[in-house]
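A.B. asks: What would the 3D arrangement of this be:
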Amino acid sequence: MSICSYLWCLIISLSCVAPLSGNPAAVKEQISLKREKTITNIVNGVPTIDKKFFARINMPYRDKVCGGVVIDRWWVLTAARCVDHVSDHQYELRNVFIEIGNFTTGSQQKKTYKAKAIVIHPMYNLTTNSHDIALIKLVKRAPMFRVAELCSEPVEYGTEVGACGLGSTPARHPSPSASLHEIFLRGIFFSFASFFEIDFCPDDQVCTEPITDGASICNLDEGSPLYKLQCHSRAAECILGIASHFVASEHSEINCSGGSNFASVPHPYEWISETIVFDFLFNSGHLDRSF
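C.D. replies: Predicted coordinates:
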């Protein structure tokens, strides 16, 4: 590569990182204000049609819906909080349904899959939101073109990232949307969170703040993907996190416009890979949840 080409690539890379204003103390103070109340949908998002990897997880016997992402033909990644109530009892497994397909308004191009096994991260803790990651094995394989790549490394502090889900579109109307919506956020990642001593964003989480006022995840979007964006195109490049919960804004009427927290994917990347490889090699068909 010539020196000119290298410099051009460097300029493009740097342009993908959105600058943050303010000093570390101010950043910490702003985030603490959003931390007053947490509850557990995309709000103030825009319609999106190119997220082929998105999955919707339905558990009608619990009246529960979550998001997810296809990461292998046999596996869907979601939040542990979405499936931590599912025991190894076959009745509950048989009643976990995963929809994969086109989530644009009015589309019927979706296929429903059943769950064969559920594997929750061994260090998952609902109280602290620690390691809020789970894997669902499908009974039948999903199409290869729907498989998303996982990010093995975090992106730089302040980088613009994307998230999608089926939550409500405007903040004041909490009913879920009929189509997939997308929002853009700015990441406050663990490497810098530690530097700023932000105590609510440990290294197994990705904390974000809205770029557009009121853009956030909310209830019904748990398990939905956060992704790194391709430079200058805003297309998803790799999966960076899984929606865990959001930090409510004190000025939001229904508390859905504050910062959003995601379980980090690069942090448990090895565990995710090893779980899938272990199942492939031994083909046990029934995985120990504590693996």
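A.B. asks: so what's Tyr269 closest to, chain neighbours aside?
C.D. replies: Distances taken as C-beta to C-beta, 6 or more residues apart in numbering put Ser152 closest to Tyr269, at 5.1 Å, once the chain neighbours are dropped. Heads up, the C-betas are built off the backbone N, CA and C, glycines and all.
A.B. asks: Could you list the low-pLDDT ranges of this protein?
C.D. replies: Flagging of the chain using pLDDT under 70 yields the residue ranges 1-41, 43-44, 88-89, 105-108, 167-178, 189-201, 214, 219-220, 246-259, 283-291.
A.B. asks: Now do the helices in it.
C.D. replies: Assigned by DSSP state H, the chain shows helices spanning 3-15, 24-33, 80-83, 90-94, 190-195, 269-282.
A.B. asks: And the shortest one, what's buried?
C.D. replies: Buried residues in helix 80-83, counted by 16 or more other C-beta atoms under 10 Å: 80-83.
A.B. asks: Likewise for the longest one?
C.D. replies: Along helix 269-282, these residues count as buried under the neighbour rule (16+ other C-beta under 10 Å): 271-272, 275-276, 279.
A.B. asks: which other helices and strands contact that helix?
C.D. replies: strand 134-138 (3 or more C-beta pairs under 8 Å, 6 or more residues apart in numbering; DSSP states H and E).
A.B. asks: How about Ser216: which residues does it bridge to?
C.D. replies: Val43 (DSSP bridges).
A.B. asks: Check Ile239 too.
C.D. replies: Leu150, Tyr227.
A.B. asks: Is it in contact with Ser152, as I believe?
C.D. replies: No - using C-beta atoms under 8 Å, Ile239 is not in contact with Ser152, being 10.5 Å away.
A.B. asks: So the two - more neighbours on which side?
C.D. replies: Shown here are Ile239 and Ser152; by other C-beta atoms under 10 Å, Ile239 has more neighbours (22 against 11).
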